[in-house]
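Enquirer: predicted coordinates and the sequence they were generated for:
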Amino acid sequence: MARRTASLLTHWSARVFSVEFNGAPDYFAIQDKHRGEPAPQVFRKVQSSDRCYSLLVCSSDRIRRAKFYAELKDKLLRSLPAECELSPMSSFLPHVKDSLIKGYFLKANPGDSLPTERLLRDLIQSESLLVCSYLKCENSRQWTQRLWTHTGSSVMSKEYCVVPTDAPDYHPSTLNIINSDVFYSFEEAHQVLRKCGDIIPEATSVLELLPSRAEARSKPDFPVIVIEGLDATGKTTLTQSLRDTLGAVLLPSPPQCLSPWRARFDQEPPLIRRAFYALGNYITAEQIVQEGMKTPVIVDRYWHSTASYAIATAVSGPPCNLPAEGSEVYRWPRDLLQPSLVVLLTLDPEERKRRLRDRGQGKTEEEQELDHNQLFRLKVEEAYRRISGPACVTVDAGPSADQVLQQVLILIRDKCQL
Ligand SMILES: Nc1ncnc2c1ncn2[C@@H]1O[C@H](COP(=O)(O)OP(=O)(O)O)[C@@H](O)[C@H]1O
Ligand SMILES: Nc1ccn([C@H]2C[C@H](O)[C@@H](COP(=O)(O)OP(=O)(O)O)O2)c(=O)n1
C-alpha cells in the first residue's frame, strides 16, 4: 500500500472531510459509533435512495498525484452516467500542513449505481485512489462511510458514522500551498522540474536554461523597478515609457527564453506549472544582475505575480479564505534577488474590461477566468498586497498613461534616489 495511503488511514478518524457545492464547503467527520448526531448537511441534500461516493487521490509521489488528480476529473466526466453529480472534495487534518488530500464526491441515482460502481472498481486498481461509499442506515437518518479495499470487490469490515463538524480555523486549501503551489527557493522548484523530466520532455530543456546557482553573487549597482498588476492594467504601456524616460533596460517576465515552453507548462497541473514560473524568476534575476550593473532595470511582472496567481488559484471560495496577512505564505524566497521597488497598478474593474475589449487580443484561459470570476480577481489583488519583502506600492492606473508615468517617476525618485 502506498506510503501516503497508509498514513491517511492511520489518522482516518482524525480527518475532516469537505465537500463543495457551488463553492460553499460543508464539513463532516467520521466516528466509530452513532451517538445520535444529525446527518451532515451534504447528506441532507441527497435522496435516501441515492448512492454517494468519495474518491481521494493519495499517491505518495506528488508529481503522479498532481497528474492523476487533473486526469481524474476528465475521466469521470467522460465515463460517468450523465445524471451523476460531481463535486470537489478534500480531506485534511486541521492545522496540519501538507495534510490536504484532494478528490471528488459523487452522487448517483439508484439506477446509475451499477455503471458508477463498475467504473470505480476499475479506477481503484490504481493505488493512488481511495474510494468510499456512503449509505443511509435503515430506520434512521444516519449515514455511514465504508472504505473500499483495493480489489474493489468487497468493503473493509470497518464502517464509520458520518457526523457534522465545524468549519476549520483555516480554509483547508491553504494547508498545502507551500512547495505545492508556491516555491520559496530555487532548489524546491528545481526539484519538481527534475522529477517530471521523464513524463514531460520539455522540462529537461527548461532545466538547461537555468542559472547554475540561484544566489545572486552580486547586487546590481542601479535600481531595479518591478511593475505588477492584472492583465490590461497598463504594465506594458508604463514599462516601455519608463524604459525610454530613464534610459533603462526592460525585462519581460517570464523571460523571453522560456516563451517556447510556456504554453506547454500552462497545460500542466499547478504543481508543475507554478514550478516553471517560479524558475523563470531566477533566470530574470540573473538578467537583472547583468543589466543592473550598467543601467536601471524595469521588470514587467516578477515574484509578486508568481505567488499571487498561484495562491489565488489554490484557495477556493472568497478572498476571506486566503491565508491571513503576515502568513509565511506571503514571504519572499530567501534566495531570489529583491528589487528596489515594486509598483502594483490597480484599475477599476469596468475600466479594465474596457481596455481589454479595446485591445481585442486573445487572452489566456486564466485571464478569461479573471474576467468572468470576480472572486479570483479579488484574491489575486489581495495576495499582491499581502506579499512582503519588498511589499508593493499601489498606484491607481485609471488616469492617463502620462499621468500614471509621472506618478511612478515620483515614486522612483523618492525610493530609489534616481
Ligand atoms: N493609463 C492608461 N489610460 C488609458 N488606456 C491605457 C492606459 N495604459 C494603458 N492603456 C491601454 O490599455 C490597454 C492595456 O494596456 P497594456 O499596457 O497592454 O496592459 P498590460 O501590459 O498590463 O496587459 C492597451 O490598449 C493600452 O493602450
Ligand atoms: N513572473 C511571473 C510572470 C507571470 N506569471 C504568470 C501569472 C499568470 O498565470 C500569468 C500572467 O501572465 P500574462 O502574460 O497573461 O500577463 P500579461 O498579459 O503580460 O499581463 O503568468 C508568473 O507566475 N510569474
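Expert: Ah, there it is. Numbers count the residues shown, from 1 in each chain. Ligands and ions are numbered 1, 2, ... in the order given.
Enquirer: residue ranges with poor pLDDT in the stretch 101-250 of the chain?
Expert: 150-157, 213-217 (pLDDT under 70).
Enquirer: tally of neighbours for the residue in it positioned nearest to ligand 2?
Expert: Going by C-beta to the nearest ligand atom, ligand 2 is nearest to D231 of the stretch 101-250 of the chain, at 3.9 Å. All C-beta spots, glycine's among them, are computed from the backbone N, C-alpha and C. Residues lying near D231 (other C-beta atoms under 10 Å) number 19.
Enquirer: and if you look at R35?
Expert: R35 has 9 neighbouring residues, counting by other C-beta under 10 Å.
Enquirer: so who does it touch?
Expert: Taking C-beta atoms under 8 Å, 6 or more residues apart in numbering, we find R35 in contact with C161, V163.
Enquirer: in the stretch 201-350 of the chain, which spans are helices?
Expert: Under the criterion DSSP state H, counting those that start in this stretch, helices of the stretch 201-350 of the chain are mapped to 202-209, 235-246, 259-266, 270-291, 303-314, 349-359.
Enquirer: okay, buried residues for the longest strand along the chain please.
Expert: Ordering each strand of the chain by length in residues (DSSP state E) puts strand 155-164 first. The neighbour-count check on strand 155-164 (16 or more other C-beta atoms under 10 Å) flags Y160, C161, V162, V163, P164 as buried.
Enquirer: what packs against it?
Expert: Packed against strand 155-164, as judged by 3 or more C-beta pairs under 8 Å, 6 or more residues apart in numbering; DSSP states H and E, are the following elements: strand 24-31, strand 143-148.
Enquirer: ok, that strand: who's next to it in the sheet?
Expert: Counting by DSSP bridges, the strands paired with strand 155-164 are strand 24-31 (antiparallel), strand 143-148 (antiparallel).
Enquirer: for the following helix or strand past it, output the C-alpha coordinates as PDB.
Expert: Per DSSP states H and E, the first helix or strand lying C-terminal to strand 155-164 is helix 186-195. C-alpha atoms of helix 186-195 as PDB (Å, rounded to 0.1, in the frame of the first residue of the first chain):
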ATOM      1  CA  PHE A 186      15.300  27.700  -6.400                       C
ATOM      2  CA  GLU A 187      16.000  24.200  -5.200                       C
ATOM      3  CA  GLU A 188      12.400  23.400  -4.300                       C
ATOM      4  CA  ALA A 189      11.100  24.500  -7.700                       C
ATOM      5  CA  HIS A 190      14.100  22.900  -9.500                       C
ATOM      6  CA  GLN A 191      13.300  19.600  -7.800                       C
ATOM      7  CA  VAL A 192       9.800  19.500  -9.300                       C
ATOM      8  CA  LEU A 193      11.000  20.000 -12.800                       C
ATOM      9  CA  ARG A 194      13.800  17.500 -12.400                       C
ATOM     10  CA  LYS A 195      11.300  14.900 -11.200                       C
END
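Enquirer: which strands or helices does helix 186-195 pack on?
Expert: Against helix 186-195 (3+ C-beta pairs under 8 Å, 6+ apart) you get helix 202-209, helix 270-291.
Enquirer: for the residue positioned nearest the centre of the chain, what are its contacts?
Expert: With distances taken as C-alpha atoms, centre = their mean, A314 lies nearest the centre of the chain, 2.7 Å away. A314 makes contact with S173, T174, N176, I177, S180, D181, P270, according to C-beta under 8 Å, 6+ apart.
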